[in-house]
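K.L.:
mind folding the following:
(chains A and B)
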There are 2 protein chains.
Amino acid sequence: MKIAIAGSGAMGSRFGYMLQQSGNDVTLLDLWPEHIEQINDKGLSVEANGEQQFIKIPAAFPKDVHDTYDLILLFTKAMQLEDMLQNITHLLNKKTAILCLSNGIGNLETIQKFAPKSPLLVGTTLWTSELVGPGSVILNGSGYIEFQAINNVSHETLTVINNTLAEAKLNPRESDNVLLSIWKKACLNSVLNSFCTLLDCKVMDLNKSEYVPTLTDKVVLEFEAVAKAKGIPLTEKLALTAINAALAPDQAGDHYPSMHQDISSGRRTEIDYLNGAIALMGRELNIPTPANELITELIHAREEVTLK
Amino acid sequence: MKIAIAGSGAMGSRFGYMLQQSGNDVTLLDLWPEHIEQINDKGLSVEANGEQQFIKIPAAFPKDVHDTYDLILLFTKAMQLEDMLQNITHLLNKKTAILCLSNGIGNLETIQKFAPKSPLLVGTTLWTSELVGPGSVILNGSGYIEFQAINNVSHETLTVINNTLAEAKLNPRESDNVLLSIWKKACLNSVLNSFCTLLDCKVMDLNKSEYVPTLTDKVVLEFEAVAKAKGIPLTEKLALTAINAALAPDQAGDHYPSMHQDISSGRRTEIDYLNGAIALMGRELNIPTPANELITELIHAREEVTLK
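P.N.:
Got it, this is the predicted structure:
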């Protein structure tokens, strides 16, 4: 397939690399000049299992490519999605399928606004990757993709995409309720990421406090109420099962989650696509979401006192 | 007057020193062995205007004194008040007046539980002091006391106490609504202390975020609702005036407030006597206080992930 990666950060670079290795024609698109320059000059540096390779793979600004692609993988952070879609409008058409695996609630609606006629697939992934500098990623561990065709996707297109991902060893799994998975992951991140940021602690440290389950329940019950109104079968029980699994002693990491890292590095966070999405929908639906609203405002305040 | 200071930390030592200097018979009571030993061995080290003096003043454990005092100044942190009252029950009687100037909501009720027949006065103070080690305080700046007789206080007793405080240059002012002052100060601290702790910032940094006024309003409106139900005339306007004055560029300090310091030092905070008092009363009165409740739980979680 002819594939463009729109947003070639840590995860985009990993997926681009794996899809090229399995024989696809891949182009990495990004808005970071040093990153593009480095990849085109020296190749993409890929470190896996302690070995470093330089991979020849084309990288470009979206405005500089004008081909027709079979598939665009959208891989920005949620808060950069709209900006990226504006940069690739000339690449969007009813033949080019879009697959988005970004975290957070609301990505689907944003893409549909920009590409109402495109074949659209969304999902979640447990693959991880680390961008260590321009043109350089470290790949660790394994993962899978859970995805679902949302609209305008023919059976044939679905089969081709599924096979392409499988050949790249990306372990795709078709889901019949991927929105539930997206919401469940967003709920998990609305607890782990937000709490670790406000409590200034690592994921494993959340187990030290008897107040964390009480706080978790507040966040989760509001997620459940809004999900129900939106027709998404996320229940308190499903969410708590995922959260408790992530907090289990053998799983809860000795690391600060990404939102904590964002704050420490003076970057904006994904809060508006996690707790903030629930607070916004709650307001629209007249469902009280005081916990998610207050947490969203506290995280934004934390961004502002840190950034400026 | 024969005066005992029950809780002779930073503020208790300052008041004890000033009251002794003006001719009163003062005893410092405390539960910290090194502090008592140091004061009795070398005197209380008082540093003021860059000069250090060693002041001879008796210090003791509460259990070791059995005199009858004219006045007991209760000067513990709110969360240690009950413990101190248990330690001085043998000193409480209807002749010994009690004056409490500690921060936080609920101190009055706690004292009344232990000393229902004692002449009781409560208030707030803007005096400050720093305990730099056992037996050693630094005094800076000036201040005043605002206080009111609550119950069992004769006109004569009130006059004597007022004169005694005035002679010690403690600048007493009688108030006819000291509970309003106590609640207003608690509301101010429920914003400044709690926010700086959760946002990990100095008081002046709160001015950097546009979300802080929104968050402040949530806390203040719940204070107003609970205060109204309790017959205390704290309004949103009064509270915001005090908060905005404290956040004014020439006032907002380049320092972390006490609760932030408590967390950094692994100590428990006063949260249950600030936002937590409003959340508890809100529950009892069936008044929604989701913001103060969530903030209380987040601060407790912060204590626990930091302490253990």
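K.L.:
how much space between whatever residue of the stretch 1-150 of chain A ends up closest to chain B and residue A:100?
P.N.:
Residue of the stretch 1-150 of chain A nearest chain B, by C-beta to the nearest C-beta: residue A:79 (16.2 Å). Any C-beta I mention is one placed from the backbone N, CA and C, and that applies to glycine too. Using C-beta to C-beta, to the nearest Å, residue A:79 is found at 14 Å from residue A:100.
K.L.:
interface residues of chain A facing chain B?
P.N.:
Residues of chain A found near chain B (C-beta under 8 Å from any C-beta of the partner chain) are A:195, A:198-201, A:205-206, A:208-212, A:214-215, A:218, A:290-291, A:294-295, A:297-298, A:300-302, A:304-306, A:308.
K.L.:
report the central residue of chain A.
P.N.:
When C-alpha atoms, centre = their mean is applied to chain A, the residue found nearest the centroid is residue A:102 (2.2 Å).
K.L.:
a helix runs through it, doesn't it?
P.N.:
No. According to DSSP: H, G, I helix; E, B strand; the rest coil, the state of residue A:102 is coil, so it is not within a helix.
K.L.:
quick one: residue A:157 is in a helix?
P.N.:
Yes. Counting by three-state DSSP, residue A:157 is located in a helix.
K.L.:
in the helix or strand hosting residue A:16, what counts as buried?
P.N.:
Residue A:16 is part of helix A:10-21, with elements assigned from DSSP states H and E. By 16 or more other C-beta atoms under 10 Å in any protein chain shown, the buried positions in helix A:10-21 come out as A:10-20.
K.L.:
Throw those into TSV and include pLDDT and distance to residue A:151, thanks.
P.N.:
Below are the buried residues of helix A:10-21 laid out as TSV (pLDDT from 0 to 100; distance: C-beta to C-beta, whole Å):
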residue	pLDDT	distance to residue A:151
A:10	92	29
A:11	94	24
A:12	96	23
A:13	97	28
A:14	97	27
A:15	98	22
A:16	98	25
A:17	98	29
A:18	98	26
A:19	98	23
A:20	98	28
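K.L.:
quick check, nearest of those to residue B:242?
P.N.:
residue A:10 (47.1 Å; C-beta to C-beta).
K.L.:
the helix ranked longest in chain A to helix B:178-199, inter-axis angle?
P.N.:
The longest helix of chain A (DSSP state H) is helix A:178-199. Using axes from the mean of the first three to the mean of the last three C-alpha atoms, to 10 degrees, one finds that helix A:178-199 and helix B:178-199 are set 110 degrees apart in direction.
K.L.:
okay, now stretch A:203-213: how far is its last residue from its first?
P.N.:
For stretch A:203-213, the first-to-last residue distance is 14 Å (C-alpha to C-alpha, to the nearest Å).
K.L.:
which residues touch that stretch?
P.N.:
Applying C-beta atoms under 8 Å, 6 or more residues apart in numbering or on different chains, the external contacts of stretch A:203-213 come out as A:192, A:195-196, A:199, A:201, A:246-247, A:249, A:252-257, B:297-298, B:300-301, B:304-305, B:308.
K.L.:
swap the cut-off to 7 Å and go again
P.N.:
A:192, A:195-196, A:247, A:252-255, A:257, B:297, B:300-301, B:304-305, B:308 (C-beta atoms under 7 Å, 6 or more residues apart in numbering or on different chains).
K.L.:
what comes up buried for it?
P.N.:
Of the residues in stretch A:203-213, A:203-206, A:208-209, A:211-212 count as buried by neighbour count, 16+ other C-beta under 10 Å.
K.L.:
the helix holding residue A:16 packs against which elements?
P.N.:
Secondary-structure packing of helix A:10-21 (3 or more C-beta pairs under 7 Å, 6 or more residues apart in numbering or on different chains; DSSP states H and E): strand A:2-6, strand A:25-29, strand A:44-48, strand A:130-133, strand A:136-139.
K.L.:
quick one on the thing from earlier: now do the longest helix of chain A: distance to the chain's middle.
P.N.:
The gap between the average C-alpha position of helix A:178-199 and the chain average comes to 12 Å, counting by C-alpha atoms, centre = their mean, to the nearest Å.
K.L.:
sorry, back to before: residue A:79 and residue A:100: who's more crowded?
P.N.:
A count of neighbours by other C-beta atoms under 10 Å in any protein chain shown puts residue A:100 above the other of residue A:79 and residue A:100, at 26 against 16.
K.L.:
please tell me how far the more buried one sits from residue A:166.
P.N.:
For residue A:100, the distance to residue A:166 - C-beta to C-beta - is 19 Å.
K.L.:
and if you look at residue A:99?
P.N.:
14 Å.
K.L.:
please apply the same query to residue A:260.
P.N.:
Shown here: residue A:260 relative to residue A:166, a distance of 35 Å by C-beta to C-beta.
K.L.:
with residue A:233 instead?
P.N.:
27 Å.
K.L.:
likewise residue A:73?
P.N.:
Counting by C-beta to C-beta - residue A:73 and residue A:166 are separated by 15 Å.
K.L.:
what of residue A:32?
P.N.:
On the measure of C-beta to C-beta, residue A:32 and residue A:166 end up 30 Å apart.
K.L.:
also residue A:139?
P.N.:
Distance of residue A:139 to residue A:166, computed by C-beta to C-beta: 18 Å.
K.L.:
the two: who's more crowded?
P.N.:
Applying other C-beta under 10 Å to residue A:139 and residue A:166 shows that residue A:139 carries more neighbours, namely 18 against 14.
K.L.:
in contact with that one, which residues?
P.N.:
Neighbours of residue A:139 in contact, by C-beta under 7 Å, 6+ apart: A:14, A:46-48, A:129.
K.L.:
mind listing what's buried in the host helix or strand of residue A:146?
P.N.:
For residue A:146, the host element (DSSP H and E) is strand A:145-151. By neighbour count on 16+ other C-beta under 10 Å, the buried set for strand A:145-151 is A:145-150.
K.L.:
stretch A:263-279 now?
P.N.:
Buried residues in stretch A:263-279, counting neighbours by 16+ other C-beta under 10 Å, are found at A:263, A:267-279.
K.L.:
of all the residues you listed, which two lie farthest apart?
P.N.:
Using C-beta to C-beta for every pair in the buried residues of stretch A:263-279, the one that comes out farthest apart is A:267 and A:278, at 22.0 Å.
K.L.:
what's the neighbour count on residue A:237?
P.N.:
By other C-beta under 10 Å, 10 other residues sit near residue A:237.
K.L.:
flag every buried residue along the helix or strand encompassing it.
P.N.:
Residue A:237 is located in helix A:236-247, with elements delineated by DSSP H and E. Within helix A:236-247, the residues scored as buried using 16+ other C-beta under 10 Å are A:238-240, A:242-243, A:246-247.
K.L.:
again with stretch A:173-190
P.N.:
For stretch A:173-190, by 16+ other C-beta under 10 Å, it's A:175, A:178-190.
K.L.:
make JSON lines out of the residues you listed and add pLDDT.
P.N.:
Below are those laid out as JSON lines (pLDDT from 0 to 100):
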{"residue": "A:175", "pLDDT": "95"}
{"residue": "A:178", "pLDDT": "95"}
{"residue": "A:179", "pLDDT": "95"}
{"residue": "A:180", "pLDDT": "96"}
{"residue": "A:181", "pLDDT": "95"}
{"residue": "A:182", "pLDDT": "95"}
{"residue": "A:183", "pLDDT": "97"}
{"residue": "A:184", "pLDDT": "96"}
{"residue": "A:185", "pLDDT": "94"}
{"residue": "A:186", "pLDDT": "97"}
{"residue": "A:187", "pLDDT": "98"}
{"residue": "A:188", "pLDDT": "96"}
{"residue": "A:189", "pLDDT": "96"}
{"residue": "A:190", "pLDDT": "98"}
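K.L.:
low-confidence ranges, chain A, go.
P.N.:
A:308 (pLDDT under 70).
K.L.:
try 80 this time
P.N.:
For chain A, the stretches flagged by pLDDT under 80 are A:251-254, A:307-308.
K.L.:
tell me which residue lies farthest from the centre of it.
P.N.:
Chain A, farthest from centre, C-alpha atoms, centre = their mean: residue A:210 at 30.2 Å.
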